[in-house]
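**Student:** Show me how the following folds:
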Amino acid sequence: MPKQTLKQALSELKESLDNSSVEDTEKVESLADRIEHQLEYKDVSDWDEDLVSELEQQVIAFEDQHPMISGALRSIVNALNSIGV
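**Tutor:** Modelled structure (predicted):
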C-alpha cells in the first residue's frame, strides 16, 4: 500500500506542475522521473538515499511561492519514509 501512496503522490505532483505557471521545474520533474524509475526497477533497499534530501530541499524552495507543489513534494517525502527509503 505505501507504494500506491507514493504513486498517487507522484501523480499529484505532476498534475500540480502541469497546472502551474512555475518556470523552474526541471529539477522537480527530474526527481519525479528518478523516483518513478526506482519504483519500477529497484528494490527499496537499493534506492538512492539522496532523493529524500533533494526532495526536502525542493519542498523548502517551493514552500512560499507554490504551496501546492510543496505539499505534493512533502507527500512524496512522507511516502518514501513510510517504505523505508
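
**Student:** Mind checking what secondary structure the most far-flung residue of the chain relative to its centre has?
**Tutor:** For the chain, the residue at maximal distance from the C-alpha centroid (C-alpha atoms, centre = their mean) is S21, at 18.4 Å. Secondary structure state of S21, per DSSP: H, G, I helix; E, B strand; the rest coil, is coil.

**Student:** Could I get the phi/psi values of it?
**Tutor:** phi -110, psi 20 (degrees, to the nearest 10).

**Student:** where's it relative to E12, distance?
**Tutor:** Relative to E12, S21 is positioned 18 Å away (C-beta to C-beta, to the nearest Å). The way it works is simple: take the backbone N, C-alpha and C, and place the C-beta from them, glycine included.

**Student:** How about L51?
**Tutor:** With C-beta to C-beta as the criterion, L51 and E12 are 17 Å apart.

**Student:** V85 now?
**Tutor:** In terms of C-beta to C-beta, V85 sits 18 Å off from E12.

**Student:** count of neighbours near the residue nearest to V85 when sequence neighbours are not counted?
**Tutor:** Spatial nearest neighbour of V85, chain neighbours left out: W47 (4.8 Å); criterion: C-beta to C-beta, 6 or more residues apart in numbering. Around W47 there are 18 other residues, counting by other C-beta atoms under 10 Å.

**Student:** Ok, V22 next?
**Tutor:** V22, neighbours per other C-beta under 10 Å, totals 14.

**Student:** next one: L17
**Tutor:** Other residues close to L17 by other C-beta under 10 Å number 17.
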